[in-house]
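Q: For reference, the sequence and a predicted model appear below.
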Amino acid sequence: MPNVDERGHLLTEQANPNSQHLDRLTTLELVDLFNQEDARTIAAITQARQPLAKAIDLTAAALRQGGRLFYIGAGTSGRLGVLDAAECPPTFCSDPEQVQGILAGGAEALVRSSEGLEDRSDDGAAAIDDRQITKLDVVVGITAGGTTPYVHGALQAARQRGATTVFIACVPADQVDAAVDVDIRLLVGPEILAGSTRLKAGTVTKLALNILSTGVMVQLGKVYGNRMVDVAVTNKKLHDRALRILQDLTDLSREEAEPLLEQSGRNVKLALLMHWTGLGKAEGAQLLSQHQGHLRKAVAALNAECNHET
């Protein structure tokens, strides 16, 4: 567990020399400075590309085996994890249990600060125990400054249970180390407002989580080309998107796509499979299930079988 008594040496706590006159800038100068500093987030993601890719591969492999992905954190870091988890079901039609966010302080901490709870490492460990984490699961600990006891307690408990562990922090490893399977450091430098890690650190963390969860869902077959073919058709916007996906990936008009979507039970992926293969709803669903919901693999397997028979 890192020593949190003295944190002034941490990259996220240092004063940014570029913003030392922040309170004397014009509004336009302030906006320009934010823009210049936020550009550092892209470079930070580039530097972390290899561990990010490793985290995607390990997580996708775990979820294929029935495992789950957990984000855990406190404050801004924890809220970002909860947000990313909450966005997976509507984007990819994933089971809400598959990707979960754990925030110190629970749901109340989403809208009301509960900063004191981040100091309780035992609470982090208890959160892991409560969710009965196993060796099939992946636990991503998110802490901008790298020292949050709640996160370190959770990661230690997760490792003891055999889970795959990932650490995301915005400080270098020589300032705070972590015994994890994947160590992701997003080094954006000191904040414009010293210590306010909801700024660049929060932005780069959101970018990393976008890449992680989307990369995993791509590997799980939730995407065909660059279309979210597992989209949940739950409102007018998504109904329109579903029809446009069917039009774009087939030769169907909107009027022709509508009954196909309904015949599939408003399942875009299944509708595409039915159109391309001529299978009925039940047969198409069975084929997709045999290939773990991966549309491209299911179509390729059926084509290979047909070619073999001829």
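A: Now that the structure is in, tell me what you want to look at. Here the structure is a predicted model, which means the values were calculated and not measured.

Q: how about low-confidence regions in the stretch 201-310 of the chain?
A: Along the stretch 201-310 of the chain, the model assigns pLDDT under 70 to residues 307-310.

Q: For it, just list every one of the helices.
A: For the stretch 201-310 of the chain, the helices defined by DSSP state H, counting those that start in this stretch cover 236-249, 254-263, 268-277, 281-290, 295-309.

Q: Export stretch 116-134 to PDB, keeping only CA atoms.
A: What follows is stretch 116-134 as a C-alpha-only set of coordinates in PDB (Å, rounded to 0.1, in the frame of the first residue of the first chain):
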ATOM      1  CA  GLY A 116     -13.300  10.500   2.900                       C
ATOM      2  CA  LEU A 117     -14.400   7.000   1.800                       C
ATOM      3  CA  GLU A 118     -11.400   6.700  -0.500                       C
ATOM      4  CA  ASP A 119      -9.100   6.200   2.500                       C
ATOM      5  CA  ARG A 120     -10.700   2.900   3.500                       C
ATOM      6  CA  SER A 121      -8.700   0.100   1.900                       C
ATOM      7  CA  ASP A 122     -10.900  -2.500   3.700                       C
ATOM      8  CA  ASP A 123     -14.000  -1.100   2.000                       C
ATOM      9  CA  GLY A 124     -12.300  -1.700  -1.400                       C
ATOM     10  CA  ALA A 125     -11.600  -5.300  -0.400                       C
ATOM     11  CA  ALA A 126     -15.100  -5.800   0.900                       C
ATOM     12  CA  ALA A 127     -16.500  -4.600  -2.400                       C
ATOM     13  CA  ILE A 128     -14.600  -7.300  -4.200                       C
ATOM     14  CA  ASP A 129     -15.800  -9.900  -1.700                       C
ATOM     15  CA  ASP A 130     -19.400  -8.700  -2.000                       C
ATOM     16  CA  ARG A 131     -19.400  -9.300  -5.800                       C
ATOM     17  CA  GLN A 132     -17.800 -12.700  -5.400                       C
ATOM     18  CA  ILE A 133     -15.000 -11.900  -7.800                       C
ATOM     19  CA  THR A 134     -13.300 -15.000  -9.300                       C
END
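
Q: Show me how far it is from its chain's centre.
A: With C-alpha atoms, centre = their mean, to the nearest Å as the basis, stretch 116-134 stands 20 Å off its chain's centre.

Q: Just the residues contacting that stretch, thanks.
A: Outside stretch 116-134, the residues that touch it by C-beta atoms under 8 Å, 6 or more residues apart in numbering are 1, 4, 67, 70, 72, 74-75, 100, 102, 104-105, 109, 139, 148-158, 161-163. For the C-beta atoms, the positions are set from N, CA and C on the backbone; glycine is no exception.

Q: Drop anything exposed from those residues.
A: 4, 67, 70, 72, 74-75, 100, 102, 104-105, 109, 139, 148-158, 161, 163 (16 or more other C-beta atoms under 10 Å).

Q: could I have the helix or strand where Thr46 lies exported to PDB, CA atoms only?
A: If you go by DSSP states H and E, Thr46 is part of helix 40-47. Extracted as PDB, the C-alpha positions of helix 40-47 are listed here (Å, rounded to 0.1, in the frame of the first residue of the first chain):
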ATOM      1  CA  ARG A  40      -1.400  16.200 -23.900                       C
ATOM      2  CA  THR A  41      -4.100  13.600 -23.400                       C
ATOM      3  CA  ILE A  42      -3.600  12.200 -26.900                       C
ATOM      4  CA  ALA A  43       0.100  11.900 -26.400                       C
ATOM      5  CA  ALA A  44      -0.500  10.100 -23.100                       C
ATOM      6  CA  ILE A  45      -2.800   7.600 -24.800                       C
ATOM      7  CA  THR A  46      -0.100   7.000 -27.500                       C
ATOM      8  CA  GLN A  47       2.500   6.200 -24.800                       C
END
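
Q: Can you mark which positions in that helix are buried?
A: By neighbour count on 16+ other C-beta under 10 Å, the buried set for helix 40-47 is Arg40, Thr41, Ala44, Ile45.

Q: cool, and stretch 105-112?
A: Buried residues in stretch 105-112 (16+ other C-beta under 10 Å): Gly105, Ala109.

Q: In this structure Arg254 contacts Leu243, no?
A: Yes - judged on C-beta atoms under 8 Å, Arg254 makes contact with Leu243 at a distance of 5.6 Å.

Q: the more surrounded of these two?
A: When Arg254 and Leu243 are compared for neighbours, Leu243 comes out ahead with 22 against 11, by other C-beta atoms under 10 Å.

Q: Quick check: the more buried one vs Lys54, distance?
A: For Leu243, the distance to Lys54 equals 38 Å [C-beta to C-beta, to the nearest Å].

Q: For Val216, list the residues it contacts.
A: By C-beta under 8 Å, 6+ apart, the contact list for Val216 reads Ile56, Thr59, Ala60, Leu63, Leu69.

Q: Now intersect the contacts of stretch 116-134 with the helices, please.
A: Of the contacts of stretch 116-134, the ones assigned to helices by DSSP state H are Gly75, Pro149, Tyr150, Val151, His152, Gly153, Ala154, Leu155, Gln156, Ala157, Ala158.
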